[in-house]
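**Student:** Task: produce atomic coordinates for the following.
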Amino acid sequence: MNASPLLQHWDGDTCRLTLNRPAQGNALSRELVDALDAAFEDCARRGAAMVVLDGAGRHFCTGFDLSGLDEETDDSLLARFTRIELMLQRVARAPFHTVAVAQGRVMGAGADLFAACTQRVAVAGATFAFPGARGFGLVLGSRRLAACVGTQRAREWITSGGTIHEAEALAAGLATECVESAGPILRDAGRSGAETLLDRAIDGNAELDDARDLAALVRSAAAAGLRQRVADYVARQAQARKTA
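**Tutor:** Now for the predicted structure:
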């Protein structure tokens, strides 16, 4: 029997969600995205005060799951990216405090998931990258990243697609803190739920921003040739690894 792609553990009113695809770098498959979306809905329904997100294995999340690309079409990829954006919006608008604890590689949609959380903890050695726009012309999570690090820096990171180390992530505001080990953070994380609800209430443009983010994603992904652009990106990455 296959293991669940997402582990869920409750301790009082705190829920720990662990991305559980370590052999795939916790890449966001259809099943994992659906599980995350359902888990956040469940946490809201059960009145969670805090949700802690972490990843099993070496990496927090290496982004969109690019396996099985030969079976995808432009339309199926568009649907998958849309589901990811809607899931990220649910995380960003959650009525409870959210804590992301990231180790290893944090890339693409995985970095967008990290940026969508209220408290963002980088474990020593973590690296971040936002390659979607440069790699295959996808606009995803840009406004949420800009809210963390500012518009100019977000644009630089997105257009370059380069690697950001934890010290730079902390200095820029992507990470709210850096730690040597995730253990203490997972035991003692977060602010009160009331503070988080206040943050959400102050953001009066939430629905409009979400609609604009979704529209920007759809426009970028709906351009003909999405599957080929993603396939070309995968080929370039494979060649770069071979050269390295």
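**Student:** Would you state the helices of this protein in chain order?
**Tutor:** Ranges of helices within the chain are 30-45, 74-92, 109-115, 132-136, 142-149, 151-160, 166-172, 183-187, 193-202, 206-222, 226-243, based on DSSP state H.
**Student:** can I get these in TSV with mean pLDDT?
**Tutor:** As requested, the helices of the chain are exported to TSV (pLDDT from 0 to 100):
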stretch	mean pLDDT
helix 30-45	97
helix 74-92	94
helix 109-115	96
helix 132-136	84
helix 142-149	92
helix 151-160	94
helix 166-172	96
helix 183-187	64
helix 193-202	52
helix 206-222	83
helix 226-243	88
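**Student:** Centroid-nearest residue for this protein?
**Tutor:** For the chain, Leu113 is the residue whose C-alpha lies nearest the centre (C-alpha atoms, centre = their mean; 1.7 Å).
**Student:** In this structure that residue contacts Leu88, no?
**Tutor:** Yes - contact criterion C-beta atoms under 8 Å: Leu113 and Leu88 qualify, at 6.4 Å. Any C-beta I mention is one placed from the backbone N, CA and C, and that applies to glycine too.
**Student:** residue contacts, the residue nearest to Leu145 when sequence neighbours are not counted?
**Tutor:** Leaving aside its chain neighbours, Leu145 sits nearest to Ala154 (4.5 Å; criterion: C-beta to C-beta, 6 or more residues apart in numbering). Residues in contact with Ala154, defined by C-beta atoms under 8 Å, 6 or more residues apart in numbering, are 142, 145-146, 148.
**Student:** mind running it again at 10 Å?
**Tutor:** Ala154 sits next to 115, 130, 141-148, 172, 174 when contact means C-beta atoms under 10 Å, 6 or more residues apart in numbering.
**Student:** ditto for Trp157
**Tutor:** The contact partners of Trp157, taken as C-beta under 10 Å, 6+ apart, are 111, 128-131, 133-134, 142, 145-146, 149, 163-164, 168-169, 172, 174.
**Student:** Give me the buried entries from those.
**Tutor:** Neighbour counting with 16 or more other C-beta atoms under 10 Å marks 111, 128-131, 133-134, 142, 145-146, 149, 164, 168-169, 172, 174 as buried within the contacts of Trp157.
**Student:** out of the contacts of Ala154, who's nearest Ala231?
**Tutor:** Nearest to Ala231 among those, counting by C-beta to C-beta, is Phe130 at 19.9 Å.
**Student:** Let me know whether that closest one touches Cys148 as I believe.
**Tutor:** No - proximity of Phe130 to Cys148 does not meet the contact threshold set by C-beta atoms under 10 Å, at 11.5 Å.
**Student:** Quick one: neighbours of Trp10, just the number.
**Tutor:** Counted with other C-beta atoms under 10 Å, residues neighbouring Trp10 total 11.
**Student:** Quick check, it in contact with Ala48.
**Tutor:** Yes - in this structure, Trp10 is within contact of Ala48 by C-beta under 10 Å, at 8.2 Å.
**Student:** Quick check: which of the helices of the chain is buried the most?
**Tutor:** Highest mean neighbour count of those: helix 109-115, a mean of 28 (counted as mean count of other C-beta atoms under 10 Å).
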